[in-house]
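Asker: Quick one, what's the 3D model for this:
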Amino acid sequence: MERAVACFGEVLLRFAPSDGATLRDTARLDVHVGGAEANVAVALANLGFATRMVSALPDNALGTLALKALRREGVDIAHAVPACGRMGSYFLTPAAGPRGGEVVYDRSGSVFAGMREYDPAALEGTGHLHVSGISLAVSEASSAATRALAREARERGLTVSFDGNYRPSLWQASGREGRDEIAEMVGLADIFFGNHKDVSLLLGREFSGEGRARRREAALALLAEFPALTAICSTARQVENGTTHRIVARVDTREAAAESEERVLTGIVDRIGTGDAFAAGVLAVWLERPDALQHAVEGGAALAALKHYEPGDFCRASAAEWRQAIEGAGDVSR
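Answerer: Residues are numbered from 1 along each chain as shown. Below you'll find the model as predicted:
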């Protein structure tokens, strides 16, 4: 793909204990730069794609820290707007053994949350826009900006991908239900990343994620409701404990479906950002070969698997490492 992939969303700082402790007990915090859409931009950049981050960041040392991290990964930051205000962040207690992970957001009133519109010129020279439901949930202003940019992308002939990334705590904090805003974005998208729970939310009826037939049923129901959609991508995860998971991925279109081999992931280092790596892996194939469904789903599953063994939000796997992981699909990943 010759033109760049634009990713729109909030760039965050992540703070997490470095010693296996919980947030309530730790004395030290590691800092990582992340955010769902930035994670996709970084992963695609490391696979050799031209990527651009469209966002707003504080014009201070924290914003500079985030911009330097993106620049190091090869992401174009020319359309990350500097403004007065605070940096969005989140605090993580990582999962460990039988203990589940916990995220505490600190994003209210951030620079990104206050931005209602962006210069459409940010899309010039791009061929695809990737956004997520997190940007809808952060605030009414960021939701309006997200949907406006997606409409602009469609008018310019770009393809659009939308990751549902439903975050109940963010929607609750903003005092909004979100269903209509999410539905508008799904209607603007070519490819949707989400599972049966997202379909249930959007269509107002329950769908099961148990088994291939049920997951296919949910995908077909959403495709019937949104005619512009061409594909729905999802993962199913079985958690045995904090460091051993089983994952399988699939892509559904109206005419066909493809499912990956199950991957057994043991000794997991960091689960955060694995869904974004899955999205990037699928897009890396789909953007160049939209009909290669099996390759796309294996590509997504492989990059997601690689991310489980890298600390921080970013997946920095090279194209060679990614291809090797695709070829090794079905093996135990350690």
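Asker: Go ahead and confirm residue 182 touches residue 134.
Answerer: No - at 11.0 Å, residue 182 and residue 134 do not qualify as touching, with contact defined as CB atoms under 8 Å. C-beta coordinates here come from the backbone N, C-alpha and C atoms, glycine included.
Asker: what ranges do the helices span in the stretch 51-200 of the chain?
Answerer: 61-72, 111-114, 133-138, 140-155, 168-174, 179-188, 196-203 (DSSP state H, counting those that start in this stretch).
Asker: which of these sits most buried?
Answerer: Ranked by mean neighbour count under mean count of other CB atoms under 10 Å, those are led by helix 133-138, which reaches a mean of 27.
Asker: burial measure for residue 131, as a count.
Answerer: Residues within reach of residue 131, counting by other CB atoms under 10 Å, total 29.
Asker: Next up, the contacts around it.
Answerer: Residues counted as contacts of residue 131 (CB atoms under 8 Å, 6 or more residues apart in numbering) are 7, 8, 9, 37, 146, 149, 150, 160, 161, 162, 163, 185.
Asker: Looking at strand pairing, list the partners for it.
Answerer: Counting by DSSP bridges, residue 131 forms beta bridges with residue 162.
Asker: Report the separation between it and residue 109.
Answerer: Applying CB to CB, to the nearest Å, the value for residue 131 to residue 109 is 21 Å.
Asker: For the nearest residue to residue 208 once chain neighbours are set aside, I want the exact helix or strand it lies within.
Answerer: Among residues not flanking residue 208 along the chain, residue 214 sits closest, at 4.3 Å (CB to CB, 6 or more residues apart in numbering). Under the criterion of DSSP states H and E, residue 214 resides in helix 211-225.
Asker: quick check: angle from the helix or strand just after that helix to helix 211-225?
Answerer: Note on helix 211-225: by DSSP H and E, the next helix or strand toward the C-terminus is strand 231-241. Angle, strand 231-241 to helix 211-225, by axes from the mean of the first three to the mean of the last three CA atoms, to 10 degrees: 140 degrees.
Asker: ok, strand 231-241: who's next to it in the sheet?
Answerer: strand 191-193 (parallel), strand 244-252 (antiparallel).
Asker: What residues sit buried inside that strand?
Answerer: Buried residues in strand 231-241, defined by neighbour count with 16 or more other CB atoms under 10 Å: 231, 232, 233, 234, 235, 236.
Asker: who touches the fifth one in this structure?
Answerer: By CB under 8 Å, 6+ apart, the contact list for residue 235 reads 195, 247, 248, 249, 250, 275, 278, 300, 301, 304.
Asker: Tell me the pLDDT of residue 329.
Answerer: Model confidence at residue 329, given as pLDDT, is 49.
Asker: again with residue 314
Answerer: Residue 314 carries a pLDDT value of 98.
Asker: if we can go back for a sec, worst mean pLDDT among the helices of the stretch 51-200 of the chain?
Answerer: Looking at these, the weakest mean confidence is helix 168-174, a mean of 88.
Asker: Export that one to CSV, keeping only CA atoms.
Answerer: This file holds the C-alpha atoms of helix 168-174, laid out as CSV (Å, rounded to 0.1, in the frame of the first residue of the first chain):
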residue,chain,number,x,y,z
PRO,A,168,-17.8,0.6,30.3
SER,A,169,-15.9,2.6,32.9
LEU,A,170,-15.2,5.4,30.4
TRP,A,171,-18.8,5.5,29.1
GLN,A,172,-20.1,5.6,32.7
ALA,A,173,-17.7,8.4,33.6
SER,A,174,-18.9,10.5,30.7
